[in-house]
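**Student:** Fold the following.
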Amino acid sequence: VQRMFKHSLKQALFLEHANSKAALNMTKQAHQQLWTSIVDSNHDTFQTVQDEMNLESTTTTSSGATTQAIPVRICVGTQPPIQKRLERADAAHVTLGQLLRRWAPQYMQQASNDEQPQVAANIAGWKIAGIQPPLSTPVMDLWLLFHHPDHFLYVVLNTT
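**Tutor:** So this is what the prediction gives:
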């Protein structure tokens, strides 16, 4: 599980920064400290390592590095997750419903007018961090509040 977390974090950092520099600059000790802080539920240590490595959950890090995109994984049943990056320029105004309509159109249906898309009949619901936020919620807000320690925003679609 630790190795899977490490690789997932590297993937997210690559998607987030559009290069592998952030992931490659992490030392083995930093990876171990991050993992230990997760296992021990030690948020202070986790945040300290994130700050030291400039992996903060903001759009601009303390070192001035700008997050290029938000890494998102959409999980549907036993299928491989849909893993993409949402460009930072879009993230503030793209809603969860619009994102799902773009990336998983088979699970969404467009409203008749300019309203938010609606889930298709084969979707029982969706969850992010165990809650079902409104489809009108901006993705940037969701990522800042609910992304996982590996920096991905996980959206789970429950099928019927």
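**Student:** check which helix or strand covers Gln98.
**Tutor:** Counting by DSSP states H and E, the element that carries Gln98 is helix 96-103.
**Student:** Report all helices and strands that the helix or strand following that helix contacts.
**Tutor:** Sequence order places strand 108-109 as the next helix or strand after helix 96-103, per DSSP H and E. Strand 108-109 sits against helix 96-103, strand 118-119, with contacts defined as 3 or more Cβ pairs under 8 Å, 6 or more residues apart in numbering; DSSP states H and E. Where you see a C-beta, it was placed from the backbone N, CA and C, and this is true even at glycine.
**Student:** In the sheet, which strands lie alongside strand 108-109, parallel or antiparallel?
**Tutor:** strand 118-119 (antiparallel) (DSSP bridges).
**Student:** quick check: longest helix of the protein.
**Tutor:** Identified as the longest helix of the chain according to DSSP state H is helix 2-17.
**Student:** Show residues contacting it.
**Tutor:** For helix 2-17, the external contacting residues (Cβ atoms under 8 Å, 6 or more residues apart in numbering) are 20, 22-23, 31, 34-35, 38, 55, 65, 67-71, 83-85, 149-152.
**Student:** okay, that helix in CSV with CA atoms only?
**Tutor:** Extracted C-alpha coordinates of helix 2-17, given in CSV (Å, rounded to 0.1, in the frame of the first residue of the first chain):
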residue,chain,number,x,y,z
GLN,A,2,2.9,2.4,0.8
ARG,A,3,4.4,1.8,-2.7
MET,A,4,1.0,2.5,-4.3
PHE,A,5,0.6,5.7,-2.3
LYS,A,6,4.1,6.8,-3.4
HIS,A,7,3.4,6.2,-7.1
SER,A,8,-0.1,7.8,-6.9
LEU,A,9,1.5,10.9,-5.3
LYS,A,10,4.1,11.1,-8.1
GLN,A,11,1.4,10.8,-10.7
ALA,A,12,-0.7,13.6,-9.1
LEU,A,13,2.3,15.9,-8.8
PHE,A,14,3.1,15.3,-12.4
LEU,A,15,-0.4,16.2,-13.4
GLU,A,16,-0.5,19.1,-11.0
HIS,A,17,2.7,20.8,-12.1
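**Student:** Which residues belonging to it are considered buried?
**Tutor:** Phe5, Lys6, Ser8, Leu9, Lys10, Gln11, Ala12, Leu13, Phe14, Leu15, Glu16, His17 (16 or more other Cβ atoms under 10 Å).
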